[in-house]
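J.: missing the sequence, but the structure's below:
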C-alpha cells in the first residue's frame, strides 16, 4: 500500500478503538526494522523523524528512503514530523513529501501555541496532511526535546484548542516523560484527566514519552559497560489503560534505542576480532524489529491493516 496521510491512520484508530505505533528512525537500520515488523504484524504505523534526526541524516536521505520503498510494503504507513518546532520545519517536511506533522509550541504561551498551530493547519489541511499538536509539557529529554517543568493539560482548554485550531490529533500531557529516566518513583499517569480530554475533544489522542524502558535491555547495557542504573519507563498495563481511554497513537523512541545499543554493546564485546560493521548492525536491527512487534501488539494494532 502506498504512503498514506496521517489523517487516515488517526481516523481509523479513533473509530475502532486502538492505537497506531509511531516509531522514530534516523537511519536505514531502524527504518527497515520498523517496516518489516509492521508488515509481519499486518499493522499500520507512523514513521517519525525529529528535527535532530533531520539534522543528523538530512531530510533528503530520510524522506528519500521512505519514498523509495513506499510501494514495497502492503501495510499503510505515514511519514510524520515529530516535535516540529517552527513553521519553517513544517514547510520543509511538506516539501519532502511528509504526510503528517506535529507542530509543538507547548512550551510557548497558550495564545501563541493556538495561533501558530492554526496557521500550520491552514497550510497542511488543503494538502491532506494531518496535524498533531501538544498541550501541557512533559518533563525529561529525548532527541533534543527537553523540558524541566511538567504542566498537565487542562481538559477545558483542550476543547477550546481543538475547536480553535482544527487539528487532527492532540498530545495531552498526562504525566509521562521523555527519555529513559522517566520516573524517580512509581509512574503516576493521570487517567481521569485523559478521560476528560477525550470526552471534551473526541479527537484522536497521542501519548508521548510512553516507552517501556524494558529491564532486559537496561540490564544488558549496564552489563557491558553502560550506565543506565535507575532507568524506568511506563508499564505495559498503563499503556493499555491509556488506549482504553482514548489514546490512538503511541510514540516509541527510547525502547528502539535501548534494543539497538544493548545488542551492539554485547556483540562488540563478544566479537572482538570483527571489523565488519554489518556483523554488528544486522543483529541490532533484528532486535529493534522484535521490540517494534512487541509494541504493536501492546497497542492493539496487529492485524488492523485490513481496515484500510
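T.: Noted; the coordinates are in hand. Values in this document were obtained by computation on a predicted structure and should not be read as measured data. Numbering: from 1, shown residues only.
J.: show me where this structure has strands.
T.: 20-24, 45-49, 77-84, 100-103, 130-135, 139-142, 145-147, 169-172, 177-178, 205-207, 247-252 (DSSP state E).
J.: Could you dump the ones you listed into a markdown table and include mean pLDDT and mean neighbour count?
T.: (Each C-beta comes from the backbone N, C-alpha and C, glycine too.) Conversion of the strands of the chain to a markdown table gives the following (pLDDT from 0 to 100; neighbours: other CB atoms under 10 Å):
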| stretch | mean pLDDT | mean neighbour count |
| --- | --- | --- |
| strand 20-24 | 98 | 28 |
| strand 45-49 | 98 | 28 |
| strand 77-84 | 97 | 27 |
| strand 100-103 | 98 | 29 |
| strand 130-135 | 97 | 27 |
| strand 139-142 | 49 | 20 |
| strand 145-147 | 48 | 17 |
| strand 169-172 | 97 | 26 |
| strand 177-178 | 65 | 23 |
| strand 205-207 | 97 | 26 |
| strand 247-252 | 97 | 27 |
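J.: Those: which one's closest to residue 284?
T.: strand 20-24 (15.1 Å; CB to CB).
J.: now for the strands of the chain, which one comes closest to residue 113?
T.: Here strand 130-135 is closest among the strands of the chain (CB to CB), at 7.3 Å.
J.: list the helices and strands that closest one packs on?
T.: Here strand 130-135 touches helix 6-16, strand 100-103, helix 110-124, helix 155-165, strand 169-172, going by 3 or more CB pairs under 8 Å, 6 or more residues apart in numbering; DSSP states H and E.
J.: rewinding a little: would you tell me which of the strands of the chain gets closest to residue 162?
T.: strand 169-172 (6.2 Å).
J.: ok, and what's touching the closest one?
T.: 6, 10, 102, 106, 130-136, 153, 158, 161-162, 193-194, 197, 201, 203-208, 248-249 (CB atoms under 8 Å, 6 or more residues apart in numbering).
J.: Ok, stretch 100-110 next?
T.: 5-7, 9, 46, 78-85, 87, 90, 93-94, 112-113, 116-117, 120, 124, 129-137, 145, 147, 157, 161, 171, 173.
J.: try it again with 7 Å
T.: Stretch 100-110 is contacted from outside by 5-6, 46, 78-85, 90, 93, 112-113, 116-117, 120, 124, 129-137, 147, 157, using CB atoms under 7 Å, 6 or more residues apart in numbering.
J.: can you check stretch 58-76 too?
T.: Contacts for stretch 58-76 (CB under 7 Å, 6+ apart): 1-4, 8-9, 28, 31, 35, 38-39, 42-44, 47, 49, 53-54, 79, 92, 96-98, 305, 308.
J.: Buried subset of those, written for PyMOL?
T.: Restricted to buried positions by 16 or more other CB atoms under 10 Å, the PyMOL selection for the contacts of stretch 58-76 reads:
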select buried, resi 3+4+8+9+31+35+38+39+43+44+47+49+53+54+79+92+96+98+305
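J.: returning to that earlier point: could the strands of the chain be laid out in JSON lines, adding distance to residue 258?
T.: Output for the strands of the chain, formatted as JSON lines (distance: least, CB to CB, whole Å):
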{"stretch": "strand 20-24", "distance to residue 258": "13"}
{"stretch": "strand 45-49", "distance to residue 258": "17"}
{"stretch": "strand 77-84", "distance to residue 258": "18"}
{"stretch": "strand 100-103", "distance to residue 258": "23"}
{"stretch": "strand 130-135", "distance to residue 258": "24"}
{"stretch": "strand 139-142", "distance to residue 258": "12"}
{"stretch": "strand 145-147", "distance to residue 258": "17"}
{"stretch": "strand 169-172", "distance to residue 258": "22"}
{"stretch": "strand 177-178", "distance to residue 258": "14"}
{"stretch": "strand 205-207", "distance to residue 258": "18"}
{"stretch": "strand 247-252", "distance to residue 258": "11"}
